[in-house]
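Asks: Sequence isn't available, so here's the structure alone:
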């Protein structure tokens, strides 16, 4: 189902996987800008950026070398494809954190907990806090 980046390669035990799925946020989250849109959801593999999501074409100076290299790897593997003024994800792509996903989408350092919002405009962080209380 997609590709895994910045994720441990160890397999989860089924009981751990089932336990983890009870704690997942079952909602889609979005980053929307005038120039591009992206969608993410969480599953047992991690944080999934949906196929067809768009990412900013140019990188900011604030992005770290780690994310610069990750983005180059995504481009080299054909997972991020240039389409005019932005890149498009050609496959569902798995990330290990909301921030890793938002850094690639926005082309800069970002806090994914507050960058990703659901259809009601509520941040991932706020949804997570409600679920954990």
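Replies: Alright, I've got the coordinates. All values reported here derive from a predicted model rather than from experimental measurement.

Asks: longest helix of this protein?
Replies: Of all segments of type helix in the chain, defined using DSSP state H, the longest is helix 65-76.

Asks: quick one: that one to chain centroid distance?
Replies: 14 Å (C-alpha atoms, centre = their mean, to the nearest Å).

Asks: and that helix, which residues are buried?
Replies: Judged by neighbour count using 16 or more other C-beta atoms under 10 Å, the buried positions of helix 65-76 are 67, 70-71, 74. (Glycine included, C-beta is placed from N, CA and C.)

Asks: What ranges does this structure have for its strands?
Replies: 3-5, 28-32, 37-43, 46-49, 54-56, 80-83, 86-89, 93-95 (DSSP state E).

Asks: Show residues contacting the longest one.
Replies: Contacts of strand 37-43 from elsewhere in the structure, counted by C-beta atoms under 8 Å, 6 or more residues apart in numbering, are 21, 24-32, 47-50, 52-55, 89, 98, 101, 105, 116.

Asks: Tell me the strands beside that strand, with direction?
Replies: strand 28-32 (antiparallel), strand 46-49 (antiparallel) (DSSP bridges).

Asks: Stretch 49-56: end-to-end distance?
Replies: Start-to-end span of stretch 49-56 (C-alpha to C-alpha, to the nearest Å) is 14 Å.

Asks: Kindly report the same for stretch 105-123.
Replies: 16 Å.

Asks: which residues are contacting it?
Replies: With C-beta under 8 Å, 6+ apart as the test, stretch 105-123 has contacts from 27-31, 36, 38, 40, 47, 49, 53-60, 62-64, 67, 71, 97-103, 124-125, 127-128.

Asks: Can you list the low-confidence ranges for the chain?
Replies: Along the chain, segments meeting pLDDT under 70 span 1-24.

Asks: repeat that with 50
Replies: Counting by pLDDT under 50, the chain has low-confidence residues at 1, 7-20.

Asks: Which residue would you name as the spatial centre of this structure?
Replies: Residue closest to the average C-alpha location in the chain (C-alpha atoms, centre = their mean): residue 101, at 2.8 Å.

Asks: Identify the spatial nearest neighbour of it, chain neighbours not counted.
Replies: Excluding its sequence neighbours, the residue lying closest to residue 101 (C-beta to C-beta, 6 or more residues apart in numbering) is residue 95, at 4.2 Å.
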